[in-house]
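Chemist: show me how the following folds:
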Amino acid sequence: MSPYALTPRNIQIRDNFDAIAPRYDLTNRVISLGIDLHWRRVAVRQLREAPAGGVALDLACGTCDMALEVLRQRRAARVVGADLSRVMLGLARKKLDQRLGRRGGDGAVDLVNAPAEALPFRDGSFDAVTIAFGLRNVPDYRAGLAEMLRVLRPGGRACILEFSTPPSKLWWKVYNYYFFNVLPRIGGLITGREAAYRYLTDSVSRFPDARALKAAMEESGFARVSFMAMNGGIVCVHTGIRL
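Modeler: Okay, here's the model as predicted:
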């Protein structure tokens, strides 16, 4: 692993998530009306061709909602969760212990503190890599894509769940109003950190749309790249494989 010094942007993002971590799960359920759980279920279904007992890496794992969904659908799998926020990882460990009991403690999910731009894993370590609503929080997301490709085994699949821009102008206006005016206020009321949720909404507006992200994945070396839009295009699941 090459030495990697956190950038000021990495540190800002880490501190934002450290601040909202204690009420992160509750806020996600409220602001998405619980639909975020469905989005994760759909995303994990895209890994159906991965080996039943394979090893998956969940980047920007947060409190491990995605990792738990992988285990729910693929009970023989092992998952490694990586996140920049130690506070998130601490909460993730508590959740895993509660949900999985001995299975969690016996290594079904291992947790690693690491930035997505410099992962501490050997080439070809994983059968699948997932990241849910986290790629836009990687300051150099193209470096994150390159790392995802590097740690995948040949034939391994990457699955990226991320917000996007709805193609319908009317739907975009409605969604845009909620996302930029209502959502940060709800997040602020629940966590006391409205500024952190203003950052999150701003990060979506700066991130490439679905077609641009597909192109970026292809430029990074992923093959058979495709995406599936959900809820009118506000969220997309991107997949690609390493040849």
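Chemist: what secondary structure does Asp110 sit in?
Modeler: Under DSSP: H, G, I helix; E, B strand; the rest coil, Asp110 falls in the strand class.
Chemist: from Asp127, how far out is the residue lying closest to it once chain neighbours are set aside?
Modeler: Nearest residue to Asp110, sequence neighbours excluded (Cβ to Cβ, 6 or more residues apart in numbering): Val80, at 4.9 Å. For every residue, glycine as well, the C-beta is placed using N, CA and C. The gap separating Val80 from Asp127 is 11 Å, by Cβ to Cβ, to the nearest Å.
Chemist: which residues do those two both contact?
Modeler: Taking Cβ atoms under 8 Å, 6 or more residues apart in numbering as the criterion, Val80 and Asp127 both touch 55-56.
Chemist: what about dumping the CA coordinates of stretch 87-96 to CSV?
Modeler: Extracted C-alpha coordinates of stretch 87-96, given in CSV (Å, rounded to 0.1, in the frame of the first residue of the first chain):
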residue,chain,number,x,y,z
VAL,A,87,-16.9,7.0,15.0
MET,A,88,-19.0,5.3,12.3
LEU,A,89,-17.0,2.2,12.6
GLY,A,90,-17.5,2.1,16.4
LEU,A,91,-21.2,2.3,15.9
ALA,A,92,-21.0,-0.3,13.2
ARG,A,93,-19.3,-2.8,15.5
LYS,A,94,-22.1,-2.3,18.1
LYS,A,95,-24.8,-2.8,15.5
LEU,A,96,-23.0,-5.9,14.1
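Chemist: and that stretch, which residues are buried?
Modeler: 87-89, 91-93, 95-96 (16 or more other Cβ atoms under 10 Å).
Chemist: in this structure, where's the longest helix?
Modeler: Counting by DSSP state H, the longest helix found in the chain is helix 86-100.
Chemist: now do it: everything it contacts.
Modeler: Contact with helix 86-100 is made by 17-18, 21-22, 24, 61-64, 67-68, 71, 81, 83, 104-105, 108-109, 111, 113, as judged by Cβ under 8 Å, 6+ apart.
Chemist: take those residues and keep only those in helices.
Modeler: Per DSSP H, those map to helices at 17-18, 24, 67-68, 71.
Chemist: can you pick the most crowded of the residues you listed?
Modeler: For the ones in helices among the contacts of helix 86-100, neighbours were counted using other Cβ atoms under 10 Å, and Ala67 has the most, 31 neighbours in all.
Chemist: pretty sure that one sits against Asp110.
Modeler: No. Counting by Cβ atoms under 8 Å, Asp110 is not a contact partner of Ala67; they are 9.8 Å apart.
Chemist: show me what the residue nearest the centre of the chain is bridged to.
Modeler: The centroid of the chain falls nearest to Ala132 when counting by Cα atoms, centre = their mean (2.3 Å). Counting by DSSP bridges, Ala132 forms beta bridges with Leu161.
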